[in-house]
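[1] build me a structure from this.
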Amino acid sequence: MHIRSTMYPVVTIYTDGAARGNPGPGGYGVVLMSGQHHREISAGYSYTTNNRMELLAVIVALEALKIEPSEVTIYTDSQYVVNAVNKGWLNDWVKKRFKGKKNQDLWMRFLQVYPKHQVRFIWIKGHNDNPWNERCDELAVQASLGNDLSEDSEYSRN
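    Residues are numbered from 1 along each chain as shown. Below you'll find the predicted structure:
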């Protein structure tokens, strides 16, 4: 049984990212749930990486939250994202000004929204019959197959 520790809204988020080619066309998928509310978000990019899409899914999900702060649990199959936060890698990258690290633009964007909420990350195994993770994967892949894909301009500059 989960007992709410705060009076903040409780939000459950599932995220996934995909890239066909890595780098190649990619997309992300997000499912947000809070009480009776359910929202799905996805977008596709013409040339990007899997890790960028995994991280962008988390960023977009947090940016979509309307009430600050919220108590947020993010389920993702991205060890890159989970370990960067939970194992403190991100703090080290910031101290070293991201020297030699990829995706600084997205991590900086993440650092703008992450502190606004009480967030915990939970890693889940991908393609393991979790219906929400499977839905996010479906959204991400569908987005990557779109006809009008956006440009991941920051990736193109790296």
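[2] P69 and T48, how far apart?
    Using Cβ to Cβ, to the nearest Å, P69 is found at 30 Å from T48. Placement of C-beta: from N, CA and C, glycine included.
[3] which of the two has more neighbours?
    T48 (29 against 14; other Cβ atoms under 10 Å).
[4] state the distance from the residue nearest the centre of the chain to L106.
    The chain has V58 as the residue nearest its centroid, 2.0 Å off, counting by Cα atoms, centre = their mean. As judged by Cβ to Cβ, V58 and L106 stand 9 Å apart.
[5] which residues sit in contact with W89?
    N83 (Cβ atoms under 8 Å, 6 or more residues apart in numbering).
[6] ok, back up a step: please, which helix or strand holds the residue nearest to the centre of the chain?
    helix 50-64 (DSSP states H and E).
[7] and if you look at I122?
    strand 118-123.
[8] which other helices and strands contact that strand?
    Applying 3 or more Cβ pairs under 8 Å, 6 or more residues apart in numbering; DSSP states H and E, one finds that strand 118-123 makes contact with strand 71-76, helix 79-86.
[9] direction included, what does the shortest one pair up with?
    Read it as strand 71-76. As defined by DSSP bridges, the strand partners of strand 71-76 come to strand 10-19 (parallel), strand 118-123 (parallel).
[10] most tightly surrounded among those?
    By mean neighbour count, with neighbours taken as mean count of other Cβ atoms under 10 Å, strand 10-19 ranks first of these at a mean of 26.
[11] report the angle between the helix or strand following it and strand 71-76.
    Of the helices and strands lying after strand 10-19 in sequence (DSSP H and E), the nearest is strand 24-34. Between strand 24-34 and strand 71-76, the angle comes out at 140 degrees (axes from the mean of the first three to the mean of the last three Cα atoms, to 10 degrees).
[12] hey, C-alpha coordinates of strand 24-34 in CSV?
    The C-alpha atoms that make up strand 24-34 are tabulated as CSV, following Å, rounded to 0.1, in the frame of the first residue of the first chain:
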residue,chain,number,x,y,z
GLY,A,24,18.5,7.8,-37.4
PRO,A,25,14.8,8.7,-37.3
GLY,A,26,13.6,8.6,-33.8
GLY,A,27,10.7,9.4,-31.5
TYR,A,28,9.6,9.5,-27.9
GLY,A,29,6.4,8.4,-26.2
VAL,A,30,5.0,9.5,-22.8
VAL,A,31,2.0,8.4,-20.7
LEU,A,32,1.0,10.6,-17.8
MET,A,33,-1.5,9.5,-15.2
SER,A,34,-2.9,11.3,-12.2
